[in-house]
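In: here's my sequence, what's the structure:
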Amino acid sequence: MSELDEPPGMAEHQFVVVWLLGDCFLPRELHFQTKGPDADVVVFPFEGLDSAVDGLVADALRRCGILGTYRTGRKRQLAAIVFRLSAVGWEAAASATQPNAEQLMTTLAFRQEGLGRVLGSLVLDPSSGQIMTRLAPDSHSQITWLPFQPEEQEVVFQWSRIHSTPQGPTLARFFSEACQEVNPTASVVRLWALLEALGEQLPGSKLDHVRRVLTYARQSDMDIDGLPLTQRAWDIRNGFMHHGRLAATDLATRVRSELKNRLLLVLFQVDWQPLPRNAPRVRPEEPT
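Out: Coordinates of the predicted model:
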């Protein structure tokens, strides 16, 4: 990291703060605004960097040893979140954008049903061309707090919903981890644990908890090879947790797919938090 002196009493001026994500696919650029700080935000794959910051960012990436790694192999592995805002100095600009950047990374993680890596941040002073770079330490969470429909309005909506409760970001990360799990049996176990956590305060057995969560969110307990989805998932979970047994790949894959599709809707129906013990059996209808 390059240290730059910030004289006391410095007046606000424009900065460009770039947060870099690795292993993150973006089909196209996103453009929207945030509050606190009030900033214009652009999210795009590295190949789409605009000419105003392309040279500065590329130079910093080369110095950090990142550019060569992420410009080879699969395209669009590197994405950038760019904030343009006024601040009194370099550190102030970076600190002001970090909470929003991390929240947006969580939202993109959920939207992509995947994981990414925070590579670090850059603070650019367009007037001088100077750059302050900061790479993420090895201990930094590798979950980027992420295939995804990139409509700006939908991203902003999900961003606000995910971060409306203390549990939301954690639930989003757990969901992304479950979806990225390669082994379908292990993925079912992770998805089941998430559903179980949403209903842990409800009365009854663990199986009852999950069934009631689905009922509350008006999600069907469809039949899979003669048994309800929840029973199939419960059997797969118990076989793995108690006996280390892997389910047949085809069966586990189908169960995983159905659980994932329901969880996508359930998380928003339960407002990104566990249901209280006195939650009604069926979610009340929204007022019209």
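
In: doesn't Ser160 belong to a strand?
Out: No: the assignment for Ser160 by DSSP: H, G, I helix; E, B strand; the rest coil gives helix, which leaves it out of any strand.

In: which residues sit against stretch 196-210?
Out: The set of residues that contact stretch 196-210 without belonging to it, under C-beta atoms under 8 Å, 6 or more residues apart in numbering, is 171, 192, 195, 212-213, 230-231, 233-234, 266-267, 270, 274-277, 279. Any C-beta I mention is one placed from the backbone N, CA and C, and that applies to glycine too.

In: what mean pLDDT does that stretch get?
Out: Taken as a whole, stretch 196-210 has an average pLDDT of 95.

In: show me where this structure has its helices.
Out: Per DSSP state H, the chain has helices spanning 51-64, 67-70, 90-112, 152-162, 168-180, 184-198, 206-216, 229-243, 249-269. These are given in chain order.

In: so which of the ones you listed gets nearest Ala80?
Out: Evaluated with C-beta to C-beta, the helices of the chain place helix 51-64 nearest to Ala80, the distance being 7.0 Å.

In: where are the low-confidence patches of this structure?
Out: Within the chain, the ranges that satisfy pLDDT under 70 run 1-10, 22-28, 35-39, 44-78, 112-118, 135-154, 285-288.

In: how about a cut-off of 50?
Out: Under the criterion of pLDDT under 50, the regions of the chain flagged as low confidence span 1-8, 48-49, 69-76, 138-150, 288.

In: okay, now the domains of this protein?
Out: Using automatic domain parsing, the domain parsing of the chain gives 13-144, 181-269.

In: distance to Ile162 and mean neighbour count added to the ones you listed, as TSV?
Out: What follows is the domains of the chain, written out as TSV (distance: least, C-beta to C-beta, whole Å; neighbours: other C-beta atoms under 10 Å):
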stretch	distance to Ile162	mean neighbour count
domain 13-144	6	18
domain 181-269	8	18
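
In: ok, the residue lying closest to Thr253 once chain neighbours are set aside - contacts?
Out: Counting by C-beta to C-beta, 6 or more residues apart in numbering, Thr253 lies nearest to Pro184, which is 4.6 Å off, once chain neighbours are set aside. With C-beta under 8 Å, 6+ apart as the criterion, the residues that contact Pro184 are Ala247, Thr249, Ala252, Thr253, Val255, Arg256.

In: closest one of those to Val155?
Out: Top of the list for closeness to Val155, among the contacts of Pro184 and by C-beta to C-beta, is Arg256 at 25.1 Å.

In: for the closest one, what are its contacts?
Out: By C-beta under 8 Å, 6+ apart, the residues touching Arg256 are Pro184, Ser187, Val188, Leu191.

In: of those residues, closest to Ala79?
Out: Proximity of these to Ala79, judged by C-beta to C-beta, is greatest for Ser187, which lies at 24.7 Å.

In: roughly how far apart are the closest one and Glu12?
Out: Here Ser187 is placed at a distance of 48 Å from Glu12 (C-beta to C-beta, to the nearest Å).

In: re earlier: now the domains of the chain in TSV, with distance to Thr165?
Out: What follows is those, written out as TSV (distance: least, C-beta to C-beta, whole Å):
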stretch	distance to Thr165
domain 13-144	13
domain 181-269	11
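
In: and of those, who's closest to Arg283?
Out: Between the domains of the chain, domain 181-269 lies closest to Arg283; by C-beta to C-beta that is 5.1 Å.

In: end to end, how far does that closest one reach?
Out: Start and end residues of domain 181-269 are separated by 24 Å (C-alpha to C-alpha, to the nearest Å).

In: same check, this time on stretch 111-125
Out: 32 Å.

In: Leu122 is nearest to which of the helices of the chain?
Out: Leu122 lies closest to helix 51-64 among the helices of the chain, at 5.1 Å (C-beta to C-beta).

In: where's the spatially closest residue to Val270 that is not a sequence neighbour relative to Met241, distance?
Out: Closest residue to Val270 in three dimensions, ignoring its sequence neighbours and counting by C-beta to C-beta, 6+ apart: Leu198, at 5.7 Å. Using C-beta to C-beta, one obtains 18 Å as the distance from Leu198 to Met241.

In: over to Met222?
Out: For Met222, the distance to Met241 - C-beta to C-beta - is 23 Å.
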